[in-house]
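# build me a model:
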Amino acid sequence: MPLESYDFVIVGGGVIGLTLSISLKKNFHNASVLIIEKENILGFHASGRNSGVLHAGFYYTSDSLKAKFTRDGNTAMRQYCEKKSIKLNNCGKLVVCKDEQDLNRLTVLEERAKSNNVELYRISEKEAKNIEPKVVTLDSALWSPTTSSVDPKQVMGSLLSDAVNLGVDVVVNTQYLYFDHDKDRVITNQSSYGCKYFINAAGLYADKIALEWGFSQDYRVLPFKGLYLYPSSTIYRPKVHIYPVPDLKFPFLGVHLTLTVDGDVKIGPTAIPAFWRENYKGFDRFSLSESFEIGIREIELLAKNKFNFRSLALAEIRKYNKNNMIKDASLLLSNAGELNFNKWGAPGIRAQLVNIKKGELEMDFVCEGDNRSFHILNAVSPAFTCAIPFANYLVDEIKKQLNY
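Below is the predicted model of the structure:
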């Protein structure tokens, strides 16, 4: 049976909650740590549904947390997988161009890679075709040799074993309800737990929980649904990931060809505005209050067209069509239309934070806290890649709050 009272209670059993629990045990050696997860498994949401790509870190400006954590996280996660004998596909990635504007953006990415100390090479169209014969690009491309793939569920299983072996307690099927500030207890649908320091790693619900503590005043989560399209049979397997040059104003990378850890290919994802936080399929997990709240926010964003939300939404909704998705993929791989892409995979929901005061998407990690609680409001993509160094950073920030 778990202890009744804990030094640290973490709400949310995704990859951030797990890696954070491990880092807490390594830094506060005698501290007791509990993870509370409302689902019957850890990683049910974003952590278990993400692409499995370990990004290299050249998309982001050098002054961002993402730049450092993605670079360091790529190395740390690949080393972790090798140490634990977890399957790893070190396939690399090509970033390709379709027009002159993309060539200019390619130069920006090249400069960011240099500033971030990330291994990245500008190569010719011929060199790109030597890496992947069917690739489509204009004049040149970027080659990222450290971009890899893992099985997120296998990684999550290994991290869970590590956490438990270090003495972290984990309870599932346990939904956080509220915090009793008079008694310093976390109240759940199953039991209550004494808590000296509360950590909110609740992903899609991080803003709601933070508001209870007086944080997230300027922020709200806006959910986006991501879907990948799979082939019914594999006729041709690209040798590497193939991505377009992204629009750097948005945190989404556009339709791309992604290789799984086994080398299978998928195209996507969509980033369709969702109507409630767990809007995975049909009316499963439907919440009328969430739907109303999020609907009002999305209507306002559409009307005012903040951060070009109208064009973003229309562009993403267009992707919710197999033919359009394949058409986009054909700009990256010449034979994409012949590869029998006809099956939608399991959807994922991305918890994207919006600054409601400024009316813009938050592009970097956002956290708030004090000496009683800490709230991870924007564990933004690629959080899975960043998880290990990001967790260490979070512990350092918690130490500052505790004057430890």
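
# what's the worst-scoring helix or strand of the chain on mean pLDDT packed up against?
When each helix and strand of the chain is scored by mean pLDDT, DSSP states H and E, helix 309-318 comes last, with a mean of 79. Using 3 or more C-beta pairs under 8 Å, 6 or more residues apart in numbering; DSSP states H and E, the elements in contact with helix 309-318 are strand 272-273, helix 288-304. In this view, the C-beta of every residue, glycine as well, is placed from N, C-alpha and C.

# let's go with 10 Å and repeat that
strand 219-226, strand 272-273, helix 288-304, helix 322-330, strand 360-361 (3 or more C-beta pairs under 10 Å, 6 or more residues apart in numbering; DSSP states H and E).

# quick one: it to helix 288-304, angle?
Counting by axes from the mean of the first three to the mean of the last three C-alpha atoms, to 10 degrees, helix 309-318 lies at 120 degrees to helix 288-304.

# on that earlier part again, nearest to S191, of the helices and strands packed on helix 309-318?
Smallest distance to S191 across these (C-beta to C-beta): 25.6 Å, for helix 288-304.

# buried stuff in that closest one?
290-291, 294, 297-298, 301 (16 or more other C-beta atoms under 10 Å).

# equivalent analysis for stretch 173-191, please.
174, 176, 179, 185-186, 188.

# what does stretch 139-148 give?
140-144, 146-148.

# return the distance of it from the chain's centre.
In terms of C-alpha atoms, centre = their mean, to the nearest Å, the centre of stretch 139-148 is found 21 Å from the chain centre.

# E119 contacts T146, correct?
Yes: under the criterion of C-beta atoms under 10 Å, E119 makes contact with T146 at 5.7 Å.

# low-scoring pLDDT stretches of the chain, where are they?
Applying pLDDT under 70 to the chain flags the ranges 1-3.

# which residues of it fall in helices?
Counting by DSSP state H, the chain has helices at residues 15-27, 46-49, 65-83, 100-115, 125-131, 152-165, 206-212, 288-304, 309-318, 322-330, 383-402.

# tell me what the closest residue to L377 other than its chain neighbours is bridged to.
Using C-beta to C-beta, 6 or more residues apart in numbering and skipping residues adjacent in sequence, the residue nearest L377 is V366, 4.5 Å away. Assessed by DSSP bridges, V366 has beta-bridge partners N378.

# burial check on V366, number of neighbours?
For V366, the count of nearby residues is 20 (other C-beta atoms under 10 Å).

# okay, the buried residues of stretch 173-191 in TSV with distance to S158 next?
Listed next are these as TSV, based on distance: C-beta to C-beta, whole Å:
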residue	distance to S158
T174	22
Y176	25
F179	31
R185	32
V186	27
T188	26
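
# mind checking which of those residues are in strands?
Those of the buried residues of stretch 173-191 mapping onto strands are 176, 179, 185-186, 188, per DSSP state E.

# ok, so of these, who is nearest G214?
Nearest to G214, judged by C-beta to C-beta, of these is F179 at 11.5 Å.

# what bridges to the residue nearest to that closest one when sequence neighbours are not counted?
Using C-beta to C-beta, 6+ apart and skipping the chain neighbours, the partner closest in space to F179 is V186 (5.8 Å). For V186, the beta-bridge partners are F179, Y193 (DSSP bridges).
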